[in-house]
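**Q** Sequence first, then the predicted structure, then my questions.
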Amino acid sequence: MDQLTSGLVVPAGKSIRRFRRHMTSRYALEPTIDTLLITLACTWIAFVGFRRLAADSREPAESQADVASAAVLRSLLWRYLPAWLCFKAADWMQGPYFHEVYSSKLDPATGTPLSQRAISALFLAGFVSSAVVGTAAGSLVDSYGRRAGCLAFALLYSASALSVLASDLPFLAAGRLLGGVATSLLMSAPEAWLCSEHARLGLPPSTLGGLFGWAYFADSIVAILAGQVASYVAAVGGPTAPFVMSLVFLLSGAIIVATTWTENRGGGEGGGAGGLAGGMRALLRSPALLALAALQALFESSMYIFVLVWGGAVASAVPTGASVPFGKIFSCLMAACAVGSALFSLLSSLRLRAEAFLPPVLLTAALALYAAAHPAAAGRAPAALSMPAVSPAWLHLVLCFIGFEVAVGVYFPAVGSMRAAHVPDAQRGAIMNITRVPLNVLVISVALARDALGDRGALQCASAALLLASAAPATIWAKSRKGKLE
């Protein structure tokens, strides 16, 4: 700032405040974010257009069987998407207000707001319950049914949402424990149902990637809309209002599942084979499945670490006195996810395997987070990151985070397609939740060490995890080509 103001005569009093507002406006936070949003929207349109051109140039004329298969595929998509998106909307409604809702609670012993240590403990309680109890829930999904697992998610997540209306710490902790188990069910039961139903209908395996591409693109749009709705209801009803509002989406999703989904279980009519033990045996027998598990744990732990860091990092990087347009920045990040999903669809339409294009995507994500932790240009540095200076630092961070979120948009439909192709249906739910154990351990470890690491160190850990994850797809591809995959 000194370089900008050198040689200027700055008046006193109100004129100083006007001058500072003028200097802050030079950074033009919101107009810049708007420009980024427009750019991302244009990029998404371009990817969708290229995908359509690639599909038209490669696909031969459709036979009657192809037309019938496409109709069945659309029917499956429209049974799956409304329920899954309702569940995801409920999740997106709650996420942005986690810290605020618990900060509004009073410690019964002191009558003061809950300490940051207590809020962190509540945050970690969800990951602990997901690692311990949620893993067992995955095997129950295989045995008792994926449809039942989705209904159980709606029930448990509703109880977790209602717990924020309480003031006593034991009730809040119980809500977080239920939320952790519910999250494990959300991450396994709907996808397991979709893959099993897709196979039961006899649809071509290659079409599953398109389903995941559309699902995660729609999820990005739902995240943007849910964030706007949550912001409005929180302004009207306080930080607990988004949690209460999420019950509407949970109930809607449960009704759709109960009325339109048929039950399926692991291994056909007999249910899941061996539960957690069977899932662990399947993992240990297959190096490729272990590589897939490592890919999921490393990438998704880096994503959760990013969630812990990004808000505070951007807030500390903006010019002093400027308000942070978190809503618009969040919309940018979700738009970047949508671009990533469109990129996945484009690459899939070119007949590229996910194992082939994921390594460069993961390396790009690692570079983006590393660059966020090590800005090199001159300017103002974010104090919380203890980083070298960059000008403007907030824009550097936002661009790095957008690059990471594009990778997230590619990753989820890609890894969903890989799971569908490689994970045995009999133990699908169990294996998906077993892989969440190392994920939760990594996130908990970084969260507990965050004071020592700082945000910069946390970003470095996430970048290192992504670098390690980039080797996993090549292992999966090599083992599957040798016919060693179970």
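**A** That came through, no problem. Residues are numbered from 1 along each chain as shown.
**Q** From now on I want contacts and neighbour counts done on CA atoms only, so please keep to that.
**A** Fine.
**Q** model confidence over the helix or strand where W78 lies, on average?
**A** Assigned by DSSP states H and E, W78 belongs to helix 64-94. Helix 64-94 carries an average pLDDT of 84.
**Q** Tell me the buried residues in that helix?
**A** 69-70, 72-73, 76-77, 79-94 (16 or more other C-alpha atoms under 10 Å).
**Q** tally of neighbours for the closest residue to S167 other than its chain neighbours?
**A** Spatially, and ignoring its direct neighbours in sequence, S167 is nearest to K105 (6.1 Å; C-alpha to C-alpha, 6 or more residues apart in numbering). By other C-alpha atoms under 10 Å, 21 other residues sit near K105.
**Q** start at 51 instead
**A** Sure thing, new numbering starts at 51, so read that last one as K155.
**Q** Now do K155, the pLDDT please.
**A** Looking at K155, its pLDDT reads 83.
**Q** Backbone dihedrals for it, please?
**A** Per-residue torsions, K155: phi -90, psi 150 (degrees, to the nearest 10).
**Q** Please give me every residue in contact with it.
**A** Residues in contact with K155 (C-alpha atoms under 8 Å, 6 or more residues apart in numbering) are 163-164, 217.
**Q** now do E350
**A** Applying C-alpha under 8 Å, 6+ apart to E350 gives the contacts L489.
**Q** That one - that's part of a helix, no?
**A** Yes. Under DSSP: H, G, I helix; E, B strand; the rest coil, E350 falls within a helix.
**Q** and stretch 263-283, average pLDDT?
**A** 85.
**Q** So for it, what gets flagged as buried?
**A** Within stretch 263-283, the residues that count as buried by 16+ other C-alpha under 10 Å are 263-278, 280-281, 283.
**Q** And the contacts of it?
**A** Contact with stretch 263-283 is made by 131, 135, 138-140, 142-144, 146, 291-292, 295, 377, 380-381, 384-385, 387-389, 391-392, 394-395, 459, 462-463, as judged by C-alpha under 8 Å, 6+ apart.
**Q** That stretch: how far from the chain's middle?
**A** 12 Å (C-alpha atoms, centre = their mean, to the nearest Å).
**Q** Please apply the same query to stretch 80-93.
**A** On C-alpha atoms, centre = their mean, the centre of stretch 80-93 falls 21 Å from the chain's centre.
**Q** For that stretch, buried residues please.
**A** Residues 80, 83, 86-87, 90-91, 93 are the ones in stretch 80-93 that count as buried (16+ other C-alpha under 10 Å).
**Q** got it, and stretch 303-318?
**A** For stretch 303-318, the neighbour count (16+ other C-alpha under 10 Å) marks 303-304, 306-308, 311, 313-317 as buried.
**Q** Narrow the residues you listed to those in helices?
**A** Using DSSP state H, the subset of these located in helices is 303-304, 306-308.
**Q** before we move on, back to that, report the buried members of the contacts of stretch 263-283.
**A** 131, 135, 138-140, 142-144, 146, 291-292, 295, 380-381, 384-385, 387-389, 391-392, 394-395, 459, 462-463.
**Q** I figured P292 hits W142, correct?
**A** No. Counting by C-alpha atoms under 8 Å, P292 stays clear of W142, with 9.4 Å between them.
**Q** Please, where are all the strands along the stretch 151-300 of the chain?
**A** Using DSSP state E, counting those that start in this stretch, the stretch 151-300 of the chain contains no strands.
**Q** all helices for it, in order.
**A** Secondary structure of the stretch 151-300 of the chain by DSSP state H, counting those that start in this stretch: the helices cover 166-194, 196-212, 219-236, 239-250, 258-287, 291-310.
**Q** could I get those as a markdown table with distance to M353?
**A** Shown next, in a markdown table, are the helices of the stretch 151-300 of the chain (distance: least, C-alpha to C-alpha, whole Å):
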| stretch | distance to M353 |
| --- | --- |
| helix 166-194 | 14 |
| helix 196-212 | 22 |
| helix 219-236 | 15 |
| helix 239-250 | 19 |
| helix 258-287 | 15 |
| helix 291-310 | 23 |
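**Q** quick one: low-confidence parts of the protein?
**A** Residue ranges of the chain with pLDDT under 70: 51-78, 104-118, 184, 188, 316-326, 369-374, 425-441, 528-536.
**Q** Leaving out chain neighbours, which residue sits closest to F407?
**A** Nearest to F407 is L397, by C-alpha to C-alpha, 6+ apart, at 7.9 Å.
**Q** Neighbours of that neighbour, how many?
**A** L397 has 20 neighbouring residues, counting by other C-alpha under 10 Å.
**Q** Would you check how far apart it and L261 are?
**A** 14 Å (C-alpha to C-alpha, to the nearest Å).
**Q** returning to what we had before: which among the helices of the stretch 151-300 of the chain is found nearest to V364?
**A** Taking C-alpha to C-alpha, helix 258-287 is the member of these nearest to V364, at 17.9 Å.
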